[in-house]
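Novice: coords below, sequence missing:
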């Protein structure tokens, strides 16, 4: 196909939209409409509608006060830009590897996106009994240890907005589906500083999660250890995994952010 013919098939709006998403990086996590227009070398009217569309689709967020745009975790689905602007996986990977090696269980890094947890890092163990995940995997927050932890650490108004807008769907007989009971559990998690799930998403799978705080004291991500009932002893989560993950959580907190 000749170059001229190829250009006829280019969707300019799509091209511009992708160009906008790729403008964000580690040194430029937020941008204004004027800055975006300048980078694209176009007038402000050109990116305005594209920004609105990207925001509607959930790939961009606009701050109500500053009117500046930033990427959302949904961009992970496209496989670029968000990880570069966040830098969490690169910083935390060595700690995940250490946690895996000291516990003998798979360890993961995740963030909260509305009512789902999104996996952005992993240190898997090998073997038939390994519980491994793919980067970008989304799981329901209410049925996972890392999800419950991240929900528990949200401001009260944000937490209720997320939970009331979601469906506490049962995945096993142990999944918490009672709303008052769920809020009570989240309060306990907030006070304890960690979360445990025992067969709430999959029968026979247990997990413990701990938070990662930035320098301002805000929870930005969660790390969790996953084990199977068959391979690990009954007290593995509380006696082995919990002390180790809290230790790593303390080491990591403060490394992220300004």
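Specialist: Great, that's in hand. No experiment lies behind these values; they were computed from the predicted model shown.

Novice: Pull the residues that contact the helix or strand encompassing residue 51.
Specialist: Using DSSP states H and E, residue 51 sits within helix 45-57. Here helix 45-57 makes contact (CB atoms under 8 Å, 6 or more residues apart in numbering) with 13, 16-17, 20-21, 33, 36-37, 40, 60-62, 69, 74. (Glycine included, C-beta is placed from N, CA and C.)

Novice: List the pairing partners of the helix or strand following it within its sheet, with orientation.
Specialist: Where DSSP H and E defines the elements, the next helix or strand beyond helix 45-57 is strand 60-62. Using DSSP bridges, the strands paired with strand 60-62 are strand 69-71 (antiparallel).

Novice: which other residues reach the partner strand?
Specialist: Under CB under 8 Å, 6+ apart, the answer for strand 69-71 is 21, 24, 29-33, 36, 51, 55, 59-63, 81-82, 85.

Novice: got it, and stretch 107-115?
Specialist: Residues contacting stretch 107-115 (CB under 8 Å, 6+ apart): 72-74, 88-89, 92-93, 96, 99-100, 117-123, 133, 138, 140-142, 146-147, 150-151, 154, 162-163, 165-166, 220-226.

Novice: so of the contacts of helix 45-57, which ones are in strands?
Specialist: Residues of the contacts of helix 45-57 located in strands (DSSP state E): 60-62, 69.

Novice: May I see the ChimeraX selection of the buried members of the contacts of helix 45-57?
Specialist: A single ChimeraX command selects the buried members of the contacts of helix 45-57 (16 or more other CB atoms under 10 Å):
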select :17,20,21,33,36,37,60,61,62,69,74
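
Novice: For the contacts of helix 45-57, give me TSV that also has distance to residue 240 and pLDDT.
Specialist: TSV is the format used below for these (distance: CB to CB, whole Å; pLDDT from 0 to 100):
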residue	distance to residue 240	pLDDT
13	53	81
16	52	87
17	47	89
20	46	94
21	42	91
33	51	96
36	49	96
37	54	94
40	53	91
60	42	95
61	39	95
62	45	95
69	44	96
74	35	84
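
Novice: Which pair in the contacts of helix 45-57 has the greatest spatial separation?
Specialist: 37 and 74 (23.3 Å; CB to CB).

Novice: all strands for the stretch 101-250 of the chain, in order.
Specialist: With DSSP state E, counting those that start in this stretch, the ranges of strands along the stretch 101-250 of the chain come out as 106-113, 116-123, 138-140, 195-198, 205-213, 219-228.

Novice: Of all the ones you listed, which one comes closest to residue 236?
Specialist: Nearest of the strands of the stretch 101-250 of the chain (CB to CB): strand 219-228, 5.6 Å.

Novice: and the biggest helix by length in the chain, what does it pack onto?
Specialist: In the chain, taking DSSP state H as the definition, the longest helix is helix 88-103. Applying 3 or more CB pairs under 8 Å, 6 or more residues apart in numbering; DSSP states H and E, we find helix 88-103 packed against strand 106-113, strand 116-123, strand 219-228, helix 242-252.

Novice: Is it possible to get CSV of these that adds mean neighbour count?
Specialist: CSV is the format used below for these (neighbours: other CB atoms under 10 Å):
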stretch, mean neighbour count
strand 106-113, 25
strand 116-123, 22
strand 219-228, 24
helix 242-252, 17
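
Novice: could I get those as JSON lines with mean pLDDT and distance to residue 207?
Specialist: JSON lines is the format used below for these (pLDDT from 0 to 100; distance: least, CB to CB, whole Å):
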{"stretch": "strand 106-113", "mean pLDDT": "94", "distance to residue 207": "9"}
{"stretch": "strand 116-123", "mean pLDDT": "93", "distance to residue 207": "11"}
{"stretch": "strand 219-228", "mean pLDDT": "94", "distance to residue 207": "5"}
{"stretch": "helix 242-252", "mean pLDDT": "93", "distance to residue 207": "10"}
